[in-house]
Structures are given as structure tokens and as C-alpha cells.
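A.B. asks: I would like the atomic coordinates for the input below:
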Amino acid sequence: MPDGSRIILGGASAIETKFTADRRRVRLMRGEAYFEVKHEAPGRPFIVDAGLATVRALGTAFNVRRNADRVAVTVAEGRVQVARTEGGLLGLADAAGMHRAQAVEMSRAQQVVIQPKDAPIAVAAADPRRASAWRQGRLEFVDEPLDVVIANVSRYSRTTIVPRRAGAACHHLHGHLRPGSSRQLAGRARRSLSPGDSP
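C.D. replies: Just a heads-up that it's a prediction; the model follows:
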């Protein structure tokens, strides 16, 4: 990036950037990205809009994964501030707006998952190496809803993966998959479902 920061995109991911003299803004439109942000003066923040969440980097490295109705932010280094921004209102991304919105500050090896509901944002421990394992050709999931796993594997596959039954969000998977491994996912999903169910 023009400021020396680096952004690494996952499969089927897309961003828009807008860098000005007083602000560095990135919009993660879909998919996943890993950010290595070069520290600058507080007067020129680095802000990521991911729809349901806005992330303000405080000189750091972090991973953002955006699905249709779920945003996961995991910090690898330094600190970030994450605010719930219902409807993806980038206008809330200035410092004052972040304070007005529901926001939390996170540090290394911490994660938040933002979903479209009014529950408080909860910070949990997380292994940043797992969250960004896609950079080394692995997709790692820790007790993730099956529909989220399907969406992320599908980004790396030419095959459209569709659950045969509703309620995929009620089942969870733990483990790692190869990007685009739809057959491997189907096998894991079958083992995770109760008898009589199928993905």
C-alpha cells in the first residue's frame, strides 16, 4: 500500500481502498484479508470497514473474515479497536464515532465475532496462526458453525457447496481443511451431523 502497509487477500475476496492525507480506509467487500499495518501518527488512522464491524488499527497485524452475516477479527500483533456498525456505516469509523458505537479494544491472540444481534461484543482468546492459516494453504476452524465453514471453503472451490438440509448453523466443526476441499468438507460434515442428517 502507499503507506507501506501490506494487505494479503484470501480466495474470492475483494477490497476497496481510499487513502487520504488524514485517513487510510479499506473496505472488505467480501471474503478474508490479513493486514500488516504500518504505524503512523494518530491523526491518520487505518480503518477497515467489514460491514457489520469497523476495525481501527493501532499499529498492528490482524485478520478479518467477512461472511454474509458474520465478521471475525483476530489480532496477531499489537492492538485494534473494533466497533459494531450495523449496516456497515463507514461514517462511524472516525474516532468519535467508534466511541459512540459499541466498541472493544483487543490485543494479540484475541478475537471477536460480530453478528447482527444486540448481544454485547465478547472478546475471546484465539490462536492467530489458526485464523490466518489460509496464508499457508490450510483452512482451520475451531468450533465454527457448519454454514460458516461451507461459505469459507466455497471461496476456494469451483464447486458450489449447498447443505441438503436446513439448520447448518446449528452444527459445528473443529479441525482443518484444504482450500477448495469440498469432498473433505462433506466427509467431515457427515461425521458431525446426527444420524439421519446429511450436509
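
A.B. asks: rest of the way, CA atoms for contacts and neighbours
C.D. replies: Will do.

A.B. asks: Leaving out the residues flanking it, which one is nearest to the most centrally placed residue in the chain?
C.D. replies: When C-alpha atoms, centre = their mean is applied to the chain, the residue found nearest the centroid is residue 65 (1.8 Å). Nearest residue to residue 65, sequence neighbours excluded (C-alpha to C-alpha, 6 or more residues apart in numbering): residue 32, at 4.2 Å.

A.B. asks: Pull the number of nearby residues for the residue lying closest to residue 59 once chain neighbours are set aside.
C.D. replies: Closest residue in space to residue 59, ignoring its immediate chain neighbours: residue 39 at 4.3 Å, by C-alpha to C-alpha, 6+ apart. Other residues lying near residue 39 total 16 when counted by other C-alpha atoms under 10 Å.

A.B. asks: I'd assumed residue 39 was in a strand, is it?
C.D. replies: No: assigned with DSSP: H, G, I helix; E, B strand; the rest coil, residue 39 falls outside any strand and is coil.

A.B. asks: give the contact list for it.
C.D. replies: Going by C-alpha atoms under 8 Å, 6 or more residues apart in numbering, residue 39 touches 58, 59, 60.

A.B. asks: If we use 10 Å, what do you get?
C.D. replies: Counting by C-alpha atoms under 10 Å, 6 or more residues apart in numbering, residue 39 touches 3, 4, 5, 45, 46, 57, 58, 59, 60.

A.B. asks: Which of those are buried? Put it as a ChimeraX command.
C.D. replies: To isolate the buried ones among those in ChimeraX, judged by 16 or more other C-alpha atoms under 10 Å, type:
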select :45,46,57,58,59,60
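
A.B. asks: Could you pick out the longest strand of this structure?
C.D. replies: strand 24-36 (DSSP state E).

A.B. asks: Give the other helices and strands that that one contacts.
C.D. replies: If contacts are counted by 3 or more C-alpha pairs under 10 Å, 6 or more residues apart in numbering; DSSP states H and E, strand 24-36 sits against strand 6-9, strand 14-19, strand 46-49, strand 53-57, strand 61-67, strand 70-77, helix 146-154.
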